[in-house]
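Participant: Give me a model of this one.
(one chain, ligands or ions: 1)
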Amino acid sequence: MRKPFVAGNWKMNTDGRSGVALAQAIASGSLQQASRKVTVAVCPPFVYLQSVAMALRASSVAVGAQDIYFESNGAFTGEVSASMLKDIGCTYVLCGHSERRHVIGEKDVLINKKVAAAIVGGLLPILCVGELLGEREESKTEEVVTRQMKEGLVGLSDEKVAAVTIAYEPVWAIGTGRTATPQQAQEVHNFIRNLLAEMYDTPLAESIRILYGGSVKPDNAADLMGQQDIDGLLVGGASLKADDFLAIIRAAV
Ligand code: PEP
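Facilitator: Numbers count the residues shown, from 1 in each chain. As a prediction, this is how the structure comes out:
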């Protein structure tokens, strides 16, 4: 059984005070009951990770970073390592989010190093994959996702891959208000699970959580979660409103 997982990606939003208030509202709310059945995490900007982690320390809400660097320390100005993230209370880290791929220009080779470094450093990476609109229109979704999965996970043993969560986020659905239909998402999630079975084995593929992300809102969360291979949700915009995020968590139970 895969425990549902809802993660909020705050992107470059909030400030110190509103981030802590948002975290506190999420930790309270009606989360106590739901949290036993759902893994919940929030991913604030780097500079607020520590204060949010402090605010959440007595709760079951985990903290994730939005990015990581693959080296453990040294002359890498501006970068943050796995051990630093672990040190301040992070459990998860997003790797290869579409904005890092398409705005910042990260390639699969770099993303793979980040996934590997996260695991070695004791963090649980969430590897994000997903196609651009043009790629979907050219029926290249499976090709793109296969490349991102294979290159993103290359070199990882079965044991290490067990630490990974996959997030399927079609780029055309992120922040656009245009969600993939539950059927469209399920199709790709099922494809990813079969791919994992090919790359590793069926029991491992069955144990790995695959989240959907892309304009998830309280009113579409339950339908998405109703799909067999959708194990959770990676939420951007709606994770910035405590009421919406809590409603999405409840829909994931
Ligand atoms: C995201 O940031 O990963 C995301 C899915 O954003 P949104 O929910 O706003 O589309």
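Participant: average model confidence for the lengthiest helix in the chain?
Facilitator: Secondary structure assigned by DSSP state H gives helix 182-199 as the longest helix of the chain. Averaging pLDDT along helix 182-199 gives 98.
Participant: I'd guessed Q24 sits against R57; true?
Facilitator: No. Using Cβ atoms under 8 Å, Q24 makes no contact with R57, being 11.4 Å away. All C-beta spots, glycine's among them, are computed from the backbone N, C-alpha and C.
Participant: re earlier: which elements pack onto the longest helix of the chain?
Facilitator: Contact analysis of helix 182-199 by 3 or more Cβ pairs under 8 Å, 6 or more residues apart in numbering; DSSP states H and E lists helix 141-153, strand 165-168, helix 202-207, strand 210-213, helix 218-225 as its packing neighbours.
Participant: Tell me which of the ones you listed lies nearest to I248.
Facilitator: Closest approach to I248 among those (Cβ to Cβ): helix 218-225, 4.5 Å.
Participant: Give the other helices and strands that that closest one contacts.
Facilitator: By 3+ Cβ pairs under 8 Å, 6+ apart, helix 218-225 packs against helix 182-199, strand 232-235, helix 242-252.
Participant: hey, which of these is tucked in deepest?
Facilitator: strand 232-235 (a mean of 28; mean count of other Cβ atoms under 10 Å).
Participant: chain center to it, what's the gap?
Facilitator: 7 Å (Cα atoms, centre = their mean, to the nearest Å).
Participant: next one: stretch 100-116
Facilitator: 14 Å.
Participant: Output that stretch as PDB, restricted to C-alpha atoms.
Facilitator: C-alpha atoms of stretch 100-116 as PDB (Å, rounded to 0.1, in the frame of the first residue of the first chain):
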ATOM      1  CA  ARG A 100      14.500  24.600 -12.900                       C
ATOM      2  CA  ARG A 101      14.600  22.700 -16.100                       C
ATOM      3  CA  HIS A 102      13.000  25.300 -18.400                       C
ATOM      4  CA  VAL A 103      13.600  28.600 -16.700                       C
ATOM      5  CA  ILE A 104      17.000  28.000 -15.100                       C
ATOM      6  CA  GLY A 105      18.200  25.500 -17.800                       C
ATOM      7  CA  GLU A 106      18.900  22.300 -15.700                       C
ATOM      8  CA  LYS A 107      19.600  19.200 -17.700                       C
ATOM      9  CA  ASP A 108      19.000  15.600 -16.800                       C
ATOM     10  CA  VAL A 109      22.700  14.900 -16.100                       C
ATOM     11  CA  LEU A 110      22.700  17.600 -13.400                       C
ATOM     12  CA  ILE A 111      19.400  16.500 -12.000                       C
ATOM     13  CA  ASN A 112      20.700  12.900 -11.700                       C
ATOM     14  CA  LYS A 113      23.600  14.200  -9.600                       C
ATOM     15  CA  LYS A 114      21.200  16.100  -7.400                       C
ATOM     16  CA  VAL A 115      19.000  13.000  -6.900                       C
ATOM     17  CA  ALA A 116      22.000  10.900  -6.000                       C
END
